[in-house]
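>>> pasting the sequence and the predicted model now:
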Amino acid sequence: MGLCGSLTKRYGVGEVVLYQNNIYQENANTSLQQRSCDRTFTSQLQSHLQKKVPLVTALTSDRAICSADEKRHLHQTLGAEVVDMEGFAVLEFFEQTRASVAMLRVVSDGCDRDIPNLNSGLSSDGSLQPLALAVAMLKQPIAATRLIRGSLQALKVLEQVTTLLLQN
């Protein structure tokens with residue numbers, strides 16, 4: 001469970017999606033890799049939720065996708081509908097343990113707007129560099145405000161979905 005960014009206008013901020021599969025491409029010279037979520041577990045989650053939750057193809061990226069143009073380009077060229085930075089690695093890890101995995105995400109930023117370029121605030125091991133993140137946010141205050149609002153909205157939805165899943 002977590003947040004993702006949308007690569008298509010079909011999914012806006014606050015919408016819940018379930019991953020059907022996840023794709024990853026290490027670089028432009030390597031082939032596209034794909035991992036699938038457990039169909040049975042995903043179907044059980046989908047039927048447990050009160051509203052219809054769409055199944056999507058996710059893209060895992062090793063960097064934040066910040067521009068609306070790049071988001072749309074990735075959707076058009078790869079067919080992915082949402083993007084995250086850890087989904088493929090999670091599926092790859094749990095595939096080795098033979099555990100059933102389903103991924104439920106809430107969209108925190110849409111495809112139609114840029115977000116601040118946060119890549120300088122992420123170290124190679126995935127940890128956050130607070131000062132660099134703050135500078136990136138200050139360089140694009142409107143985009144930063146939009147990202148923060150979208151993230152807070154998505155987190156509220158994620159909390160509601162989690163509560164719903166744990167009640168039954």
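Here it is on my side, so go on. Residues are numbered from 1 along each chain as shown.
>>> element containing the residue nearest to residue 54 when sequence neighbours are not counted, please.
Closest residue to residue 54 in three dimensions, ignoring its sequence neighbours and counting by Cβ to Cβ, 6 or more residues apart in numbering: residue 17, at 5.6 Å. In this view, the C-beta of every residue, glycine as well, is placed from N, C-alpha and C. Element membership for residue 17 (DSSP states H and E) is strand 16-24.
>>> let's see the following helix or strand past that strand as PDB, backbone CA atoms only.
Where DSSP H and E defines the elements, the next helix or strand beyond strand 16-24 is strand 33-36. What follows is strand 33-36, C-alpha atoms only, in PDB (Å, rounded to 0.1, in the frame of the first residue of the first chain):
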ATOM      1  CA  GLN A  33      11.100  -6.300 -17.500                       C
ATOM      2  CA  GLN A  34       7.700  -7.200 -16.100                       C
ATOM      3  CA  ARG A  35       6.400  -8.700 -12.900                       C
ATOM      4  CA  SER A  36       2.800  -9.500 -12.100                       C
END
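>>> what does the next helix or strand after strand 33-36 contact?
On the C-terminal side of strand 33-36, the closest following helix or strand by DSSP H and E is helix 39-48. For helix 39-48, contacts defined as Cβ atoms under 8 Å, 6 or more residues apart in numbering pick out 18-20, 52-53, 55, 100-104, 165, 168.
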